[in-house]
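> sequence-free structure coming up:
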């Protein structure tokens, strides 16, 4: 047997391997958020889950969550309408005190982060964009004249317009099994949104000045559908302590640097949150205390090179399909209401407009809901900043 044949045989006998430890949910508490020194603190509590699981991460609901300073003063966070998410009232943390997060779960387990100092994040000096061979690139610049920040983290929040190719004038009424003029039109524009989960960090400890210049935070390819009409990006800046920066640096390595046997292998990632009830229990997350500064910019299609492709994301939705009330070749032809029920009843298809043949209604143009109703891809409510 030749070498290539042997390799093919071995490849055919290879099964996917999923270790038991990966397939079994450990149920570790995951604490996501920080103590906002000048505003509303939002904390998300969830549980670690199996890699092979297709379900969303289980959230920790009905917990008692408080912010506590080193004098014993406490501020309660209330669970919001989003289960597992807890928020405080707007607050101003005392720069002369240290703070921590305290959690008591519904099951009675108690957790607390380490006490940390409060840092004030300097302003974002500049948020700029430039076009090069790779597409549209965004950069952030900042500095701290007092040299007190040194450790930075950024988050991006993108918003863009979504414009569907169709504006239906009719709709299918299930109860009547009939097509009627549309009562409430579908929105002609929606707004997509994406908050980045990339770890964007930088430090200035090796520099003589606490200055960050043109740190890259986002790149969009020329064919991105987010650039179809109008696009906006918000960059939020966080000042970190040395320990918090080390946590995010390790998280970045664990999530982005694993590719071959020669890459750094995953390290144990925990943070500064501990279980007071069971000290040996693993808890994931780092809770720091700092303010946030941010800057937003907008880009219109006219700002971009004319030669860039204009992609809406609906290219596969054009042209529309057609539903005929009397399909050819069917003897006897089905009743019109039966055709409509088959086309628009149990299926996720929407009628768009009428088709007339020789002066008589012959059918309707149609497409799946995802091609017609932009609310499947974004929100119809216009953002306040738009």
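Structure's in. What do you need? Fair warning: this is a prediction, and the values are worked out from it, not measured in the lab.

> and residue 346, how close does it get to residue 177?
12 Å (C-beta to C-beta, to the nearest Å). Backbone N, C-alpha and C define where each C-beta goes, glycine included.

> which residues are in contact with residue 255?
Residues near residue 255 by C-beta atoms under 8 Å, 6 or more residues apart in numbering: residue 199.

> ok, back up a step: who has more neighbours out of residue 346 and residue 177?
residue 177 (15 against 8; other C-beta atoms under 10 Å).

> need the pLDDT of the nearest residue to the more buried one once chain neighbours are set aside.
In space, and not counting its chain neighbours, residue 177 is closest to residue 337: 4.7 Å by C-beta to C-beta, 6 or more residues apart in numbering. Note for residue 337: predicted pLDDT of 84.

> and what of the one 5 residues further on?
Taken from the predicted model, the pLDDT recorded for residue 342 is 87.

> check contacts around it.
Taking C-beta under 8 Å, 6+ apart, we find residue 342 in contact with residue 334.

> and it, that's in a strand?
No. Assessed by DSSP: H, G, I helix; E, B strand; the rest coil, residue 342 does not belong to a strand; its assignment is helix.

> show me what the helix or strand containing residue 102 is packed up against.
Here residue 102, judged by DSSP states H and E, is contained in strand 98-104. Strand 98-104 sits against strand 29-33, strand 64-69, strand 110-113, strand 116-117, with contacts defined as 3 or more C-beta pairs under 8 Å, 6 or more residues apart in numbering; DSSP states H and E.

> residue ranges with poor pLDDT in the stretch 201-350 of the chain?
The stretch 201-350 of the chain contains residues with pLDDT under 70 at 257-267, 329-331.

> same thing but 50
261-262 (pLDDT under 50).

> helices of that one, start to end?
242-256, 336-344 (DSSP state H, counting those that start in this stretch).

> break the chain into its domains for me.
Domain assignment of the chain by automatic domain parsing yields the ranges 3-118+257-287, 315-376.

> gap between the longest one and the chain center?
Read that as domain 3-118+257-287. Here domain 3-118+257-287 is found 17 Å from its chain centre; the criterion is C-alpha atoms, centre = their mean, to the nearest Å.

> that older thread, make TSV out of the helices and strands packed on strand 98-104 and add mean neighbour count and distance to residue 182.
Below are those laid out as TSV (neighbours: other C-beta atoms under 10 Å; distance: least, C-beta to C-beta, whole Å):
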stretch	mean neighbour count	distance to residue 182
strand 29-33	20	42
strand 64-69	19	46
strand 110-113	20	52
strand 116-117	18	56
